[in-house]
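1. Show me how the following folds:
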Amino acid sequence: MDRNVAIVMVARVAMSAGRAIAAVVTALYLSDLRYSATAIGGLFVTVTIVSAVLSTGIGLLADRWGRRPFLIVVPLLTAAAGVAFAETRARPILFLAASLGSFGRGGGAGAGNVGPYQPAESALIAESVDPAHRAAAFGRVAFASAVGALVGGLGASVVRHAGPSSPASVMAAYRPAFWIIAVLSTAAGLLALGIREPRVTPRSRADDRATSRWPTRSWSALWRFGVTNATNGVAIGLFGPFVSYWLYQRYGASPGAIGLLFAIVNLVSLAPTLAAAGIARRIGTVRAITAVRAIGGGLLIPMVLAPSYAIAGALYVLRMLVQRVGLPLRQSLTQDLAHPDERASVAALSNLPAQATMAGGQALAGYLFDEVSLAAPFELAALIQMVNAVLYGVLFAGRDERGSGSPGRAPATASRPSSPDSLPGGSGDP
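-> You can find the predicted model right below:
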């Protein structure tokens, strides 16, 4: 733990609190403004595409320009989006603001991601701690996210929900929530001003020839992450941004009730985020991630078929309890397998296929909600996630035995982070 990681953790609390509020209220706000599920899905598709472009650009540029600028600017964009949602209902402005602020990106309980600057943040964390403790560091940052999302879930109760009514009344009901998002995001951006990182020195032409802008040294790992993340992205797109919408439409749950459920999710997931590294030491990182995805996919089926809000909520809590174990492990594995000069690039590009397929999943979900049933997107997502678990285990087979890396275990060569060659089939540097 050093100064930078401490700042990232505090900023995560603020940013995740805002993200959790947005996860509760964005879809409900649009629904109360009489957007159809297809239109809401269209907005989420737009958000995903813009976020993918921003995330990829940030990942590639952060390896050359440094991580700090993006940890400052992107939260301020989210703050501006909060102000826009609070003060206008013009559809083009809402689409633009949601896209730049990444509203609707990520899962329902919303503690796991903080927006397009996450590749830069992940690289900063990886460089700030010893490789043997990298998974533990990501676990602590995930813990901070859960704390923030716990607070944010409770904060969603500021919405005085009265169901669909006049547009002015709907805006007045939701305005406090969007202003809170703006304030929290501004705080996260200002906190990042305190981050200190070495000055990025200009590369010589020889360095540029040796190191392409494209992360070629990490290709062996990158294509595997691309395949598995692309598959998982479809599943996430089908249900992730729509959890609050589904609870609202299926059970008539209010923003306060949904926010309380999300707060409970983040409360019970505090321990799993810290325990993730220990679980990986016992059974291996890849086995742990594979199990998490299989169990998480399987739990979607009974959740979506639950006869009451209480039962559905309990199953959702259980599913998220399992899912949170995998989050820091996936981040740690990505950074372990990336070349040190390409960490932010790999973090961004490994998620790019997921964001592309997520957009397709969101568009399909909107159609299925309107034309088939409220359960259909969740049932399809469950099947895809279980297939993805098998795919993950196959593509990363042998990683737990060969790598330097089950989290918490010192690498074979302590002074050098593990390389993609530790994967089966790795071809080494070109």
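2. What segments of the stretch 251-400 of the chain are strands?
-> Applying DSSP state E, counting those that start in this stretch to the stretch 251-400 of the chain gives no strands.
3. Sketch out the low-pLDDT regions of it for me.
-> Scanning the stretch 251-400 of the chain with the threshold set as pLDDT under 70 gives 273, 347-348, 398-400.
4. please redo it, this time with the cut-off set to 80
-> For the stretch 251-400 of the chain, the stretches with pLDDT under 80 are 266, 269-277, 280, 324, 326-352, 355, 397-400.
5. ok, and for stretch 259-274, which residues are buried?
-> 259-270, 272-274 (16 or more other CB atoms under 10 Å). To be clear about C-beta, it is placed using only N, CA and C from the backbone, and glycine gets the same treatment.
6. Likewise for stretch 321-336?
-> Neighbour-count burial for stretch 321-336, counted by 16+ other CB under 10 Å, picks out 321-336.
7. Kindly report the same for stretch 307-319.
-> For stretch 307-319, by 16+ other CB under 10 Å, it's Tyr309, Ala312, Gly313, Leu315, Tyr316, Val317, Leu318, Arg319.
8. And the first one, how far from Ala23?
-> Just to be clear, that refers to Tyr309. Tyr309 sits 17 Å away from Ala23 when distances are taken as CB to CB, to the nearest Å.
9. how far does stretch 385-400 sit from the chain's center?
-> 20 Å (CA atoms, centre = their mean, to the nearest Å).
10. residues of it that come out buried?
-> Using 16+ other CB under 10 Å as the burial criterion, the residues of stretch 385-400 that qualify are Gln385, Met386, Val387, Asn388, Ala389, Leu391, Tyr392, Gly393, Leu395, Phe396, Arg399, Asp400.
11. Can you list which of those residues are found in helices?
-> Gln385, Met386, Val387, Asn388, Ala389, Leu391, Tyr392, Gly393, Leu395, Arg399, Asp400 (DSSP state H).
12. Could you export those as JSON lines, including distance to Met303?
-> Below are these laid out as JSON lines (distance: CB to CB, whole Å):
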{"residue": "Gln385", "distance to Met303": "13"}
{"residue": "Met386", "distance to Met303": "14"}
{"residue": "Val387", "distance to Met303": "18"}
{"residue": "Asn388", "distance to Met303": "18"}
{"residue": "Ala389", "distance to Met303": "17"}
{"residue": "Leu391", "distance to Met303": "23"}
{"residue": "Tyr392", "distance to Met303": "22"}
{"residue": "Gly393", "distance to Met303": "24"}
{"residue": "Leu395", "distance to Met303": "28"}
{"residue": "Arg399", "distance to Met303": "30"}
{"residue": "Asp400", "distance to Met303": "30"}
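13. From those residues, pick the one nearest Ile125.
-> Nearest to Ile125 out of those is Arg399 (CB to CB; 20.7 Å).
14. before we move on, the earlier item: output the buried residues of stretch 385-400 in CSV; the columns should cover distance to Val158.
-> Converted to CSV, these look like this (distance: CB to CB, whole Å):
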residue, distance to Val158
Gln385, 33
Met386, 38
Val387, 40
Asn388, 37
Ala389, 38
Leu391, 42
Tyr392, 39
Gly393, 43
Leu395, 44
Phe396, 43
Arg399, 45
Asp400, 45
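15. returning to that earlier point: of the buried residues of stretch 307-319, just say which sits nearest to Ala11.
-> Nearest to Ala11 among the buried residues of stretch 307-319: Val317, at 26.4 Å, using CB to CB.
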